[in-house]
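In: I'll drop the sequence and a predicted model, then ask my questions.
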Amino acid sequence: MRQATRLDFQKGRQKSMKPLAPVFAICSILFAAIAGYSVATAGSPYSHRFDAAAVPTSGIHKIKHVIVIMQENRSFDSYFGTYPGADGIPMSNGVPTGCSPDPQSGQCVKPFLNHQDLNSGGPHVAASAVQDSNGGKMDGFVKSAEAGKKGCATPANPVCVNKAVADVMGYHDGTDIPNYWSYARNFVLQDHMFENVASWSLPQHLAMVSGWSASCSSGSDPTSCTSSLAGSSWWTKPGSPTYAWTDITYLLHKRHVSWGYYLDGGAGNVGYGGASGVPYIWNVLPGFADVQADGQQSGVQDLTNFYSAASSGKLPAVSWVIPQITDSEHPPALVSTGQSYVTGIVNAVMHSKDWSS
């Protein structure tokens, strides 16, 4: 793993809820803060040492700004499975007790500590999620990865894209992701929070901004929309989908609540694997009919505007931050690069006048 630069966390310390209940769904990992260690990230002026402003003392109504930082393809056990006190990987004397059968070798593969900065991951479409969970046994990961590698028919399978060996039983610890573990120690991490949709990225991004993942036969008729976890037919081209149901910005706009949807590197023009910019399968908000009808497209903007708003104390009430591939932690993106990118965003908020709210 790439070595990180230590940050100063003398101010702004807040004790965790007790008992600390760490989770993850790295897709919505951080709302307000992270601390511990960092490496520099291009584009963020706040990736190094910081002195955080005072943390709000108490009361949910003090919160005037909600920030959702979306990352990709990391489970709780992958990052926090051995976090002290967490409901993570079952252990006995520091040794994992569970395993996942390998149909090819006939062995049962135990979780293993994987310090590699680059991970290959495994297939993660809806069918893969069913196979992984295996009726609640949670032991189908190796079988799913091997089956996915044989087929390689979906761009949602990192093993197909990366031409790498599946490492689905590997996990990281605090030496690999010190920023995230420091966040867990000093703030709150939940181990019983789960993703909205047991499927791949596109339906997950739709659910994040609207509470639903659906497919519509008509871009202007919400009654034509039906629930969908697969979404393979949406893998088309930028600008083609129009989502006819309403997303949360419809209500925000109606109640005059400000919002921003910030794209790391701007909007990309490919579905996955582009050199820069957010893939259009992750940049879903412009495709909602209500955003277009309300004339709210300007809310979708470059991440540089987020840094400017934080610096000037003018963050909107609700923000989403969407990564480009290299910063996303989606295999084959490096873990260290994503951690540094997230830390830079959060440090910008901690330096902001808006931090107290």
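Out: It's in. Small disclaimer: the values here were computed from a predicted structure and weren't measured. Residues are numbered from 1 along each chain as shown.
In: from here on, contacts and neighbour counts on C-alpha atoms
Out: Will do.
In: which is the next helix or strand following the lowest-mean-pLDDT helix or strand in the chain?
Out: Every helix and strand of the chain was ranked by mean pLDDT, DSSP states H and E. The lowest is strand 37-38, at a mean of 37. Heading C-terminal from strand 37-38, the first helix or strand you meet, by DSSP states H and E, is strand 66-69.
In: Who are the packing partners of that next one?
Out: Here strand 66-69 touches strand 318-322, going by 3 or more C-alpha pairs under 8 Å, 6 or more residues apart in numbering; DSSP states H and E.
In: State the paired neighbours of the strand it packs on in the sheet, together with their directions.
Out: When pairing is defined by DSSP bridges, strand 318-322 lines up against strand 66-69 (parallel), strand 259-263 (parallel).
In: Show me the contact partners of that strand.
Out: With C-alpha atoms under 8 Å, 6 or more residues apart in numbering as the test, strand 318-322 has contacts from 65-71, 257-264, 278, 282-283, 303.
In: For it, what is the distance to the chain centroid?
Out: 11 Å (C-alpha atoms, centre = their mean, to the nearest Å).
In: Only C-alpha atoms, please: export that strand in PDB.
Out: The C-alpha coordinates for strand 318-322 follow below in PDB (Å, rounded to 0.1, in the frame of the first residue of the first chain):
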ATOM      1  CA  VAL A 318     -27.600  18.700   0.200                       C
ATOM      2  CA  SER A 319     -24.600  17.600  -1.800                       C
ATOM      3  CA  TRP A 320     -23.700  14.400  -3.600                       C
ATOM      4  CA  VAL A 321     -20.100  13.800  -4.700                       C
ATOM      5  CA  ILE A 322     -19.600  11.200  -7.500                       C
END
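In: ok so, going back, could you turn the buried ones of the contacts of strand 318-322 into a ChimeraX selection?
Out: In ChimeraX syntax, the buried subset of the contacts of strand 318-322 is picked out as below (16 or more other C-alpha atoms under 10 Å):
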select :65,66,67,68,69,70,71,259,260,261,262,263,264,278,282,283,303
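In: any chance you could read off phi and psi for residue 96?
Out: phi -60, psi 140 (degrees, to the nearest 10).
In: Once you drop chain neighbours, what's closest to it?
Out: residue 90 (5.7 Å; C-alpha to C-alpha, 6 or more residues apart in numbering).
In: Now the phi/psi pair for the one you found, please.
Out: Torsion angles, degrees, to the nearest 10, at residue 90: phi -60, psi 130.
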